[in-house]
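1. quick one, structure for this:
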Amino acid sequence: MANDDTEFITIPIPRKYVSQVYAFIGSLDSKSSAGEASAGVEPNADPAATDETRKPWTAGDRDLIIRQFRESPPSMKKFQLYLAENAGQDFSSTEIAEAIGAEHGWNSIAGALGAYGRRVKNRYKRRSFPFQQEWDHQHGEMRHSMTPEVAEIIRELA
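-> Predicted structure coming up:
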């Protein structure tokens, strides 16, 4: 069988790991050869990442925050606006999906974050998001929050 990089395969994945798998797939560098995964947006995952690319987003990144928001698809704009409107609070992917009316629930959030992670890494040269994420082991899903200073900038764009 020929190795076709565009061929899709189906792999059964336990439901509790789907968002992590989506995030991982989204973090794959399109220029990597087959089987070579590049680092995602985890701050410590890429040894080539500089301190500048790993740093948290702050008000000093105002122009980049505005640019990434304007260049985001509607799903990521809704996601970021929800976090901005609730700055300092953390929410699960499921809670955000319900709040913004994501078509496929938390799966929509996971898919959007995978693509967004690749864009942040490749276009904006960052290894972190303008919001925080943490894996909730107890509930088996990501939790997301946004700092008040980044939220203020995002709210101005609404």
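
2. got phi/psi on the nearest residue to residue 16 once chain neighbours are set aside?
-> Among residues not flanking residue 16 along the chain, residue 140 sits closest, at 4.0 Å (CB to CB, 6 or more residues apart in numbering). Glycine gets a C-beta too; all of them are placed from N, C-alpha and C. Recorded main-chain torsions at residue 140 are phi 70, psi 40, according to degrees, to the nearest 10.

3. can you check the one 3 residues further on too?
-> Recorded main-chain torsions at residue 143 are phi -120, psi 140, according to degrees, to the nearest 10.

4. just checking, it touches residue 94?
-> No: counting by CB atoms under 8 Å, residue 143 stays clear of residue 94, with 10.1 Å between them.

5. where does the most centrally placed residue in the chain land in three-state SS?
-> For the chain, the residue nearest the mean C-alpha position is residue 113 (3.3 Å; CA atoms, centre = their mean). Look at residue 113: counting by DSSP: H, G, I helix; E, B strand; the rest coil, its state is helix.

6. over to the one 5 residues further on?
-> The three-state label given to residue 118 by three-state DSSP is helix.
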